[in-house]
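Asks: below are the sequence and a predicted model; questions follow.
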Amino acid sequence: WVDFEAAHRTWITHLEIGRSFGARQPPGSYLEIRYEDFVRDDVVGAKELCAFLDLELPAAVEEFCTAQRCERTPLSSPTRAAIGDLSSSDWSSVLSSEEQVRSLELLGPHLVQLGYETEDSLRQLAATAAGAPPRTLAAPRRLNWGCGDCGEPGWINSDIKEGPGVDISCDIRDGLPIESDSLDYIVSVHALPMITYGDLVPVLKELRRMLKPGGVLRLCLPDADKGIHAYLSGDRSYFAVSDEDAATLGGKFILHMLWYGYSVSMFTSEFAHELLRRAGFGDIRNCRHRETASEHEGITELDNREPESFFVEATKTVESR
């Protein structure tokens, strides 16, 4: 781009046109995907996309997506040097300080709306770009429980499976080798459904054990209420299940809610609150996608699968110890 201002106007215009077009479409006929969410779990993302298009996911595509979890293939050049780190960016080395400040002025409201930044993080970025020394904060100690085959940079990654970037591979029901009162926050995305009912509260108690007093647990859970509503309203597009796997609405509902047999527990917001209270948590709150009630901005980094999920945070309060 030759014209700095024109490049920003083009980005904003394309974004606004695309989102306004989607907002005018009938329910179930428009799908909005964030790149970061899509590549966080390529297989799940590909299945959801193919189900939305009513296409069967080819085996070769699923194999490719599985491989991408461990080593991402650059799709164009030049590209980010650290292709596996979705948070990396070279904008600070490409743009001058004045251009960085102006870029944040133009794009800031959209970045906040889309969940990439917060008002506070924008102010800090602008101050840093203008020459103010960045705030030095100790990096939080945080756990990504149920990370899958590959971990996320900057997290302690734990899963029952082994894989690249998985720091702790063991069954949480046997206890995790992490000291008590040591973590600032814990995030778990769609892992709790794989725990049987009798182990749900013990698992939540184990997560609470590792948190510092005042530490926060953030859960992203499949929303049974949303699935039931989609089933009763006949919304086939809601379910990430191809016609090849289940042609009937009822079949799609069952396979989606049980995720092909991997899930053994289902959740509503009300039930999640009940379980968290029984596990000793306090200050339990529902949160929106990419938003937090806590002081930890990074706690929403792993948020994905918004259309089918709800998000809840709970605190290890002093009285709940």
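Replies: Received, thanks.

Asks: contact partners of stretch 170-181?
Replies: Residues external to stretch 170-181 that are found in contact with it (C-beta atoms under 8 Å, 6 or more residues apart in numbering): 143, 145, 156, 158, 160, 168, 195, 199, 202-203, 206-207, 209-213. (Each C-beta comes from the backbone N, C-alpha and C, glycine too.)

Asks: filter those residues down to just the ones in helices.
Replies: Counting by DSSP state H, the contacts of stretch 170-181 place 199, 202-203, 206-207, 209-210 in helices.

Asks: of the contacts of stretch 170-181, buried ones?
Replies: 143, 145, 156, 158, 160, 168, 195, 199, 203, 206-207, 209-211 (16 or more other C-beta atoms under 10 Å).

Asks: picking up where we left off before, nearest to Arg290, of the ones in helices among the contacts of stretch 170-181?
Replies: Distance ranking of the ones in helices among the contacts of stretch 170-181 against Arg290, using C-beta to C-beta, places Leu207 first at 21.7 Å.

Asks: report pLDDT for the closest one.
Replies: Turning to Leu207, the model gives it a pLDDT of 98.

Asks: can you pull the contacts of it?
Replies: Counting by C-beta under 8 Å, 6+ apart, the residues that Leu207 touches are 143, 145, 172, 186, 188, 217, 279.

Asks: beta partners for the first one?
Replies: What it means is Leu143. The partner list for Leu143 in beta bridges (DSSP bridges) reads Ile156, Ile186.

Asks: that one touches Gly154, doesn't it?
Replies: No. The pair Leu143 / Gly154 is not scored as a contact, 11.5 Å apart, by C-beta atoms under 8 Å.

Asks: now the buried ones among the contacts of stretch 170-181 in JSON lines, with distance to Ala6?
Replies: Shown next, in JSON lines, are these (distance: C-beta to C-beta, whole Å):
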{"residue": "Leu143", "distance to Ala6": "44"}
{"residue": "Trp145", "distance to Ala6": "45"}
{"residue": "Ile156", "distance to Ala6": "44"}
{"residue": "Ser158", "distance to Ala6": "47"}
{"residue": "Ile160", "distance to Ala6": "51"}
{"residue": "Ile168", "distance to Ala6": "49"}
{"residue": "Ile195", "distance to Ala6": "52"}
{"residue": "Asp199", "distance to Ala6": "57"}
{"residue": "Val203", "distance to Ala6": "53"}
{"residue": "Glu206", "distance to Ala6": "54"}
{"residue": "Leu207", "distance to Ala6": "49"}
{"residue": "Arg209", "distance to Ala6": "55"}
{"residue": "Met210", "distance to Ala6": "50"}
{"residue": "Leu211", "distance to Ala6": "48"}
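
Asks: determine which two of those are furthest apart.
Replies: Within these, Ile156 and Asp199 form the most distant pair, 21.4 Å apart (C-beta to C-beta).

Asks: buried stuff in the longest helix seen in the chain?
Replies: Of all the elements of type helix in the chain, the one with the most residues (DSSP H) is helix 4-23. Buried residues in helix 4-23, defined by neighbour count with 16+ other C-beta under 10 Å: His8.

Asks: please put the alpha-carbon coordinates of the very next helix or strand once past that helix into PDB.
Replies: Counting by DSSP states H and E, the element after helix 4-23 in chain order, helix or strand, is helix 35-40. The C-alpha trace of helix 35-40 is given here as PDB (Å, rounded to 0.1, in the frame of the first residue of the first chain):
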ATOM      1  CA  TYR A  35      -8.800 -16.600  11.800                       C
ATOM      2  CA  GLU A  36      -7.300 -17.000  15.300                       C
ATOM      3  CA  ASP A  37     -10.200 -19.100  16.400                       C
ATOM      4  CA  PHE A  38     -10.300 -21.200  13.300                       C
ATOM      5  CA  VAL A  39      -6.600 -22.200  13.500                       C
ATOM      6  CA  ARG A  40      -6.600 -22.800  17.300                       C
END
